[in-house]
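> predicted model and sequence follow; I will ask about them next.
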Amino acid sequence: MKKLEPIRFQAFIALLLTGLSLFPLSAKSQEKHTLSGTVKSSKTGETLIAATIRVTGTKQAAISNEYGFYSLTLATGKYTLDVSAVGFKPFKTTVDLQKNTLLNLSLEDNENQLETVTISAGTGKRSLENPQMGMERLSIAETKDIPVLLGEKDVIKTMQLLPGVKSAGEGSGGFFVRGGGADQNMILLDEAPVYNATHLLGFFSTFNSDAVKNATLYKTGMPAQYGGGLSSVLDVKMNDGNNQKFGVSGGVGVIAARLNVEGPIQKEKSSFLISARRTYADMFLKLSKDSSTKNAKLYFYDVNAKLNYILGDKDRLFLSGYFGKDVIAGDKLSGINWGNATSTLRWNHVFNSKLFSNTSIIFSNYNYTIQSNEEESSLSLFSQIRDWNFKEDLQWYANEKNTLSFGINSIYHTIKPGEVRATGNSGVISQSLQNRFSLENAAYVSNTWKASDVFSLTYGLRVSAFSILGKGDYYTLDQSGKVNSTTTYKSGEIVKTYVNLEPRLAASFQLNNSTSLKASYVRNAQNLHLISNSNASSPTDRWVASTNLIKPEISDQFSLGYYKNLAEGAYELTVETYYKNLQNQIDYRNGADVFTNEPIETQLLFGKGRAYGAEFLLKKKTGRLTGWIGYTLSKSERKIDGINNNNWYNARQDRTHDISIVAMYQLSSKWTLSANWVYSTGNAVTFPVGKYKLLGHSYFDFAERNADRMPSYHRLDLGATRLLKQTKKFSSELNFSLYNAYGRENAYRITFRDNPSDPNRTEAVRTTLFRFVPSVTYNFKF
Amino acid sequence: MKRIPYLVFLALISTLCSCEKAIDLKLKDNEPKYVIEGTITNETGICTVYISQTKNFSDDNQFNGISGAIVKIENNGQTTLLNEQSTGFYTTTQINGTPGQTYKLSVDIKGKQFTASSTMPQPVPFLDLSLKREDADSIRVTPKVKYKDPLDQKNYYWFQQYLNGKIRKEYKVMNDDFTPGQEVNEYLVYHNETKNRNLDFKRGDQLMVEMHSIEAPVYTYLFTLLGAGGADNGAAPSNPISNISGGARGFFSAHTVQRKSITITDMKSK
């Protein structure tokens, strides 16, 4: 594989030149002008991502970027533009293009959609001509009617209902994409990496739906601007804040309450948004008779805030922040707390009608503390990962055939693996594991070349260089994993630099007006690894950077897709297949000691992985009844030296079949009904093959890793939304949901033990978490 | 850490909404493996090796010893043959285990060879076993052990727990990664995890703790045995890392023994 790289690189350069060589040709033909501007919501002033501006009577179209900016190059003349975006009323406008023109577009909310009974649902119109594959984009409005556990609507849980995306477990806000691990998803909130995207034992995601504008998931073909995540990128964008009018919205549910305040600072020029939520499950604990349960703490809160200034037609400034915290504590306040904090300062600048720039400075922090308190002693373990991040992204709408994006990114990571603080007589000496420092640099360029009306090609390259920096000790290990030499590096000294070339290739070929074929290849490298011995994401999972011994994880993914619009776009069929090859995968050794002050490498093993599958998605997008049916057939395996006798074994999240059916029905102007049903093969797990007696008690004997299956998982959720009041000034609704409506006893885990009433037998015990969980949420807005 | 956060997690999960149910599960059967549990202590004439076999999960819990094995222990060039005292239970009083000495076990079961070696560490004084009222209730009792870790070498400890003379499944292993040369106060956990209230703790119950100084491979075996069933958080189960070569389950340990007992006199109400 390595030998191929130079060839690939040459091919890439050749391709880049092919595309650009077309510039003079097109420039000669006729005088051209550029139409550009920003697309926004007329009601709130929020910029709209992925709005489509289609030039009627031509094949030309532009799609607004993640900051609402679009650019279209056309010959002199009069045009009619067809402007549309999911959840907004489409409209037509005319433009007489005699010179480069700035045209900002505003769309009206589709609020009285009920009367028209034409509701666009799902992820908007999938582009047939754009080579981008494996992309799912959801706006919050699209998640609002889907029933979820305890009524906390959640963009990640809606993503889990799409093919290729699997829930990390019962009720979980964690997810697996195309056979990858939960840590192989790069999760970004306003460009800032979020290192633990779940709350409360993983049952909720960190994304408060009040503050989120939309979320885009890339399962493959990640645009070259993204790097660092092996199996997916989830790019979540926060709302900018209403710059038209002051507004308050919120909700009260069975588990949490939310409040969102936003409004203009100076109308149409600047706005603010602050959105907060807190759970109150701990109030119920107080009702318990058991004193230790009564004194327990169990809550999370999070706050999203954003300021946004429009400085003329060319510049825009954003400052956004997120802060969230979870606290779980039992007797004597022993327990764990963790939280993420991120902040992003962004400057959008339009150099000219063809060149758009975004410059960001990003801070990101994740830490947790485990606290254990006794009468005579206390012990705490603190761990942290902190990033300073600079990004410059440029988009150049070079001509009607070529759109380039290029940029650079530089991140300084500081990881504090563990700091032990002890007081009292436990004998534990306060100490810190060495901090780990690294600098991650990347540069990228990518071009989307519309070669003809039916053929488009995206080709790009991301070069990433990950430098491990001193100060600190780095090790070599012997065969058995024991340290046999140590090298000490000084502050700022480079321990090692890993350079990875990450090509991005994608092509689309339109067979006819309603059908297209796409193919893509992408390589991704990941240098921050979550070392986890658990299935559900645990806040104490340990983030480690690549070292001289821990190599960057690398994936190569090949995908093919078939896309068809049926019944004039009322239905949409998507079929995608993929094959993914993974290198330098990491797992704990058997019996690893998670809490040790030995170098982490002594507890790890390395190997490779492979994943492949086919995904089918049929969507109904119009009418009273909307929704989709998704099916995934897939396989995900690992081969790690030292595990399972070095043979291939199923990854835990290998689920052969995965089905989801989502339906929403507009019953009347007041009622919306919804249902979803999911089915999946059980996780691959290891069950005992025997038992034996040792030290007077029975223990279980195991053979192959993950050769057994949990029972298959299925569940029906029902939801209903009742609109209570809707006027210009105030609106309110009640949302009802029933999670696991037919009470399927899905196995959360299966454990084995001696039968307590007959110690002469052993038994398997299934733990079921959620059955028939009803919830009611009241939402309001004024 | 006697109240590790994960227990807090689990307690809260079960408070939320969970239910447990015994289910029928068809498990694969494996060909039987031999199980060897060998110990030599520094107490006069204590040297025992128990040999048994794995069974299928669906079988009962009557584990029968394996007869007819040739069990030998070699120390300083002197080899002692152990006698089969009862079925599968091999013993000798010829060896007086001594700290610093290395013992080599060899077992021949119908032509299959298994070997192991273990060096007995120096004993570390077991200073105290104590129990406070607030650390005892009917389902959970957490007595405290005290010892002084010697600074000059890596030390590993194994605390075996007994209740009214009967060995418990709970035990604790410690190393001195975070406590070199310190006086250590650590809690042991007696926990009735079953719903059988007859097994609850009560006043008058006698707790006995055996403290062993063990060597690193034995620590590894016992540490990995604790996690062998797979953690509740979904870590994959795997067999513990044995110090016996030849493919048997179990372990062989030469260790020191000290005992302390305490009676539950007072407990808080649950």
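The structure has been received and is ready for your questions.
> beta partners of residue 91?
Because you didn't say which chain, this covers chain A. Beta bridges link A:F91 to A:V83, judged by DSSP bridges.
> let me rephrase: I mean chain B.
In beta-bridge terms (that is, DSSP bridges), B:T91 pairs with B:T48, B:N83.
> contact partners for it?
B:47-49, B:82-83, B:85 (C-beta atoms under 8 Å, 6 or more residues apart in numbering or on different chains). C-beta here means a position set from N, CA and C on the backbone, and glycine is covered the same way.
> I'd like to know which of those are buried.
Buried residues within those, counting neighbours by 16 or more other C-beta atoms under 10 Å in any protein chain shown: B:47-49, B:82.
> out of the residues you listed, the closest to A:G134 would be?
B:V49 (59.4 Å; C-beta to C-beta).
> could you check the pLDDT of the closest one?
The score at B:V49 is 96. That number is its pLDDT.
> in this structure it contacts B:I109, no?
No: counting by C-beta atoms under 8 Å, B:I109 is not a contact partner of B:V49; they are 11.2 Å apart.
> put together JSON lines for the contacts of B:T91, with distance to A:G335 on each row.
What follows is these, written out as JSON lines (distance: C-beta to C-beta, whole Å):
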{"residue": "B:C47", "distance to A:G335": "45"}
{"residue": "B:T48", "distance to A:G335": "43"}
{"residue": "B:V49", "distance to A:G335": "44"}
{"residue": "B:L82", "distance to A:G335": "50"}
{"residue": "B:N83", "distance to A:G335": "53"}
{"residue": "B:Q85", "distance to A:G335": "50"}
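> what sits against B:L151?
B:180-181.
> and it, how far is that from B:I214?
Here B:L151 is placed at a distance of 18 Å from B:I214 (C-beta to C-beta, to the nearest Å).
> what do you get for A:I336?
31 Å.
> likewise B:Y50?
18 Å.
> try B:K72
Taken as C-beta to C-beta, the span from B:K72 to B:I214 is 22 Å.
> who has more neighbours out of those two?
Using other C-beta atoms under 10 Å in any protein chain shown as the criterion, B:K72 and B:I214 rank with B:I214 on top: 25 against 17.
> and that one, what are its bridge partners?
B:Y156.
> isn't it right next to B:F251, touching?
No: applying C-beta under 8 Å as the test, B:I214 and B:F251 come out as separate, 9.8 Å apart.
> which residues do those two both contact?
Shared contacts of B:I214 and B:F251, counting by C-beta under 8 Å, 6+ apart, come down to B:L222.
> sorry, back to before: which among the buried ones among the contacts of B:T91 gets closest to A:T58?
Looking across these and measuring by C-beta to C-beta, the closest to A:T58 is B:V49, at 87.6 Å.
> got the contact list for the closest one?
By C-beta under 8 Å, 6+ apart, the contact list for B:V49 reads B:36-39, B:71, B:82, B:90-91, B:105, B:107, B:252.
> nearest to chain A, of these?
B:E37 (5.7 Å; C-beta to the nearest C-beta).
> and the closest one, what helix or strand is that in?
strand B:34-41 (DSSP states H and E).
> got the CA coordinates for that strand in CSV?
Provided in CSV are the C-alpha atoms of strand B:34-41 (Å, rounded to 0.1, in the frame of the first residue of the first chain):
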residue,chain,number,x,y,z
TYR,B,34,-7.4,-29.3,33.1
VAL,B,35,-7.5,-26.9,36.1
ILE,B,36,-4.5,-26.7,38.4
GLU,B,37,-4.6,-24.8,41.7
GLY,B,38,-1.2,-25.1,43.5
THR,B,39,0.0,-23.3,46.6
ILE,B,40,3.0,-23.5,48.9
THR,B,41,3.0,-21.2,52.0
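> which other helices and strands does that strand contact?
Applying 3 or more C-beta pairs under 8 Å, 6 or more residues apart in numbering or on different chains; DSSP states H and E, we find strand B:34-41 packed against strand A:690-694, strand B:47-53, strand B:102-109, strand B:112-119, strand B:249-255.
> CSV for those strands, including distance to A:F204?
Shown next, in CSV, are the helices and strands packed on strand B:34-41 (distance: least, C-beta to C-beta, whole Å):
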stretch, distance to A:F204
strand A:690-694, 38
strand B:47-53, 48
strand B:102-109, 53
strand B:112-119, 50
strand B:249-255, 42
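> need the pLDDT of residue 3.
You didn't pick a chain, so chain A it is. 40.
> the chain in question should be chain B.
So, for B:R3, pLDDT stands at 40.
> now do the one 10 residues further on
pLDDT recorded at B:I13 is 53.
> name the helices or strands packed onto the helix or strand harbouring A:T344?
Secondary structure assignment for A:T344, by DSSP H and E: strand A:335-352. Counting contacts by 3+ C-beta pairs under 8 Å, 6+ apart, strand A:335-352 is packed against strand A:192-193, strand A:315-329, strand A:355-373, helix B:5-17.
> can you pull out the residues in contact with the shortest one?
Outside of strand A:192-193, the residues that reach it under the criterion C-beta under 8 Å, 6+ apart are A:186-187, A:228, A:322, A:342-344, A:362-364, A:387, A:389.
> repeat that for stretch A:258-269.
Contacts for stretch A:258-269 (C-beta under 8 Å, 6+ apart): A:45, A:208, A:210-211, A:239, A:241-252, A:270-277, A:307, A:309-310.
> got the buried residues for it?
Quick answer for stretch A:258-269 (16+ other C-beta under 10 Å): A:258, A:260-264.
> where in chain A is pLDDT low?
Scanning chain A for pLDDT under 70 picks out A:1-30, A:111-126, A:287-293, A:331, A:533-540.
> how about the helices in it?
Ranges of helices within chain A are A:5-20, A:22-29, A:113-116, A:140-143, A:155-159, A:281-285, A:291-294, based on DSSP state H.
> just the CA atoms of stretch A:74-85, as CSV, please.
Extracted in CSV, the C-alpha atoms of stretch A:74-85 (Å, rounded to 0.1, in the frame of the first residue of the first chain):
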residue,chain,number,x,y,z
LEU,A,74,-23.0,33.1,-15.6
ALA,A,75,-22.8,34.8,-19.0
THR,A,76,-24.3,38.3,-19.3
GLY,A,77,-28.1,38.1,-19.4
LYS,A,78,-31.4,37.9,-17.6
TYR,A,79,-32.1,34.9,-15.4
THR,A,80,-34.8,33.5,-13.2
LEU,A,81,-33.5,31.9,-10.0
ASP,A,82,-35.3,29.1,-8.2
VAL,A,83,-34.3,29.4,-4.5
SER,A,84,-35.1,26.6,-2.1
ALA,A,85,-34.1,25.2,1.3
